[in-house]
Each structure stands twice: as structure tokens, then as C-alpha cells.
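> model this:
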Amino acid sequence: MNGHRPVGATVPTGWRDALNPPVYLVSILPGLGVPLLAGGPVVHASGLVLATVAVVLLQHAINLFNDAADWRLGADVEKHDSWVRVHHERPQIAVLHGAISLLAGGLLGLGVLWQQGQWWIVAIAAPMLGLGYLYNAGSRPLSYTHLGEWVTGICYGPGVFGCLWLVAGQPPGAAMLAGMIAFAALAVALLLSHQPPQIETDRRAGKLSFAVRYGATRTLSVAWWLFVLFLLAIGGTLLLASPAAGILPTGLGVLLGYRLRKTILNPKRLLLSASTFILLGLLAAAVSSATAP
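Numbers count the residues shown, from 1 in each chain. So this is what the prediction gives:
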């Protein structure tokens, strides 16, 4: 395994380097998106909160599995904040860490479904969890194939947002579909914005990421359009449901999209913009509700 270590690389000073808390917004924002698109309080608010925590734990597990897979296969060799480095260059320990987080998230999610009598959601969530596992498993993970970006979109759209919507007690409908499209687009946009700096190492490792196949310029352009789709899916739904509550976040979305078009996209910029958009939408909805006659 030491053959994958770049010259001068050192083990990070601690787990905080690898944790990178802002990346977990991609799992938290769908939980905030549920009441936003539902137009107010949801039936099972406590269940939604706990299920969102479960999603964060599952994402943490996948991040660990991804670092371990990349370490073994030779991708992300320049990544100094890899969980494998935190675990002293022992990918098996990173996998064990991930398995513990996977177990904790799975048990918490099952506990929520048991408490609310929603076992039928397991039939939807289980295949998504399986895709998340296969994304990093084996000698040829899905993340190394042409399917990597598709799997990400499916897991975060129908998988995360769709299941959180149902856990919250909301009925299927147009708002649910809009949310699934929005958060699938956001997740893939984040993934694409992460890829360009690693094109050469990914290519050498045989990773067929979108950026490896199409280059940095096209990858960042597609990431921007996917982020616009995220804004349009949510903003359009809010405007149709309540023009008073939807006009402010939609206007912000236009501004964010224009501003991001003038910058080099990266995951932090996209997450900050998406978080601002969602939080302002929730604030506008709360103000609109409080001032309604």
C-alpha cells in the first residue's frame, strides 16, 4: 500500500482533516428540502430529523469505503486528507470504521421505520443502499465505471430525498418528484465539480469518471447546468405553490446561478450556494406563513 504514497506525504494531524464537515450538507439539505417543498410542517418531524442523521452516518460510511477503494486502486493518491491516512495507511481499518458507521446508520433508519410502522419503505431504501455499497466495492467499483455519476444521482434523488419525503409522512406527488430531480442534480453537480483536479491520477488508476472521459471544461459546464436544474426544480415548485413565498428564493437562485457561472466551480462553492438557497427558502416560507391573514 505504501506504493500509493506521494513523495512528501504525511499522515494528517487528526480526524478533523478527513472529516471535512461541510461535505455532509449534501445529506442534510434533502432533509431541509422536505418541509420546504411540503409547504410547512410535516407529519413525522422527529422521524425526518432522525432519518436525516441516519443518512449522514451512511454517507460517512461511503466516504470511508471510497477512500479505502481509491487507496487500493491507486486513485486520489494526492489526497492528504484521506481516511486511510488518518488510520495510518491501513485501508482495512478505514473499512472497519466505515462498517461501524454503516451499521449505526442502518439501525437508526430501521428504528425510525419501526417506530412509525413504515417497514414498506425498506423495499425502496434497500436497493439504494446496495447501490451505495457497490459504488466502492470489489476490484471494479461502480465509481470507476461509466455508471458512477448515474448511481450518485439515483441514490441522492429517489434514494435520499424520496425516502426522507415518505418517512416524513408526505404523499407522493409533483413536489416529491421535483425534490428527487433537484437533489439528484445537486449530488451529481457536486461530484462533477470534485473531479477535474484528479483527472490524471484517475486516468492512471483506470477510473472512467465523467471528467476523465470528457475533460475538465465540459465537466464543469455540466456541473453548472445541473446546479441550475436544482435551482429550477425547487424554485419552480415554490413559485407554483406560493408566489409570495417563492419569489425571494427564486430571485436568489437566479443570482447564485449567474455568479457561479463566472467562477471556477468546486464542491464548497456549490454547497454554500445550495445551503443559502434552501435556508432562505425556509425563511421566506416561515415569514409568508406568519403574515398570512
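
> For the rest of this, base every contact and every neighbour count on C-alpha atoms.
Noted.

> Specify the local secondary structure of Ser143.
Under DSSP: H, G, I helix; E, B strand; the rest coil, Ser143 falls in the helix class.

> Next, the closest residue to it other than its chain neighbours: phi, psi?
In space, and not counting its chain neighbours, Ser143 is closest to Tyr135: 5.1 Å by C-alpha to C-alpha, 6 or more residues apart in numbering. Main-chain torsions, Tyr135, degrees, to the nearest 10: phi -60, psi -30.

> cool, and Gly39?
Here is the backbone geometry of Gly39 (degrees, to the nearest 10): phi 80, psi 20.

> wait, it sits on Ala285?
Yes. Between Gly39 and Ala285 there is a contact under C-alpha atoms under 8 Å: 7.3 Å.

> Which of those two has more residues huddled nearby?
Per other C-alpha atoms under 10 Å, whichever of Gly39 and Ala285 has more neighbours is Ala285, with 23 against 19.

> any idea which element the more buried one lies in?
Ala285 is part of helix 267-291 when elements are defined by DSSP states H and E.

> which parts of that helix are buried?
Of all the residues in helix 267-291, those buried under the rule 16 or more other C-alpha atoms under 10 Å are 267, 270-271, 273-286, 288.

> for stretch 168-185, same thing?
Judged by neighbour count using 16+ other C-alpha under 10 Å, the buried positions of stretch 168-185 are 168-170, 175-176, 178-185.

> and which of those residues is nearest to Leu142?
Comparing the buried residues of stretch 168-185 against Leu142 with C-alpha to C-alpha picks out Ala184 as the nearest, at 16.9 Å.

> Can you tell me which helices and strands the host helix or strand of that closest one packs against?
Using DSSP H and E, Ala184 sits within helix 174-194. Where contact means 3 or more C-alpha pairs under 8 Å, 6 or more residues apart in numbering; DSSP states H and E, helix 174-194 is packed against helix 25-38, helix 148-154, helix 216-241, helix 267-291.

> ok and that helix relative to helix 216-241, angle-wise?
160 degrees (axes from the mean of the first three to the mean of the last three C-alpha atoms, to 10 degrees).

> what's the average pLDDT for helix 174-194?
Averaged across helix 174-194, pLDDT comes to 96.

> export it as CSV, just CAs?
Presented in CSV, the C-alpha positions along helix 174-194 are these (Å, rounded to 0.1, in the frame of the first residue of the first chain):
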residue,chain,number,x,y,z
ALA,A,174,-45.3,16.6,-8.0
ALA,A,175,-43.4,18.1,-5.1
MET,A,176,-41.8,14.8,-4.3
LEU,A,177,-40.8,14.4,-8.0
ALA,A,178,-39.4,17.9,-8.1
GLY,A,179,-37.3,17.2,-5.0
MET,A,180,-35.9,14.0,-6.3
ILE,A,181,-34.9,15.7,-9.5
ALA,A,182,-33.4,18.6,-7.6
PHE,A,183,-31.3,16.7,-5.2
ALA,A,184,-30.2,14.1,-7.8
ALA,A,185,-28.9,17.1,-9.9
LEU,A,186,-27.2,18.7,-6.9
ALA,A,187,-25.4,15.5,-5.9
VAL,A,188,-24.1,14.9,-9.4
ALA,A,189,-23.1,18.5,-9.8
LEU,A,190,-21.0,18.2,-6.6
LEU,A,191,-19.4,15.0,-7.8
LEU,A,192,-18.5,16.5,-11.1
SER,A,193,-17.1,19.7,-9.6
HIS,A,194,-14.8,17.5,-7.5
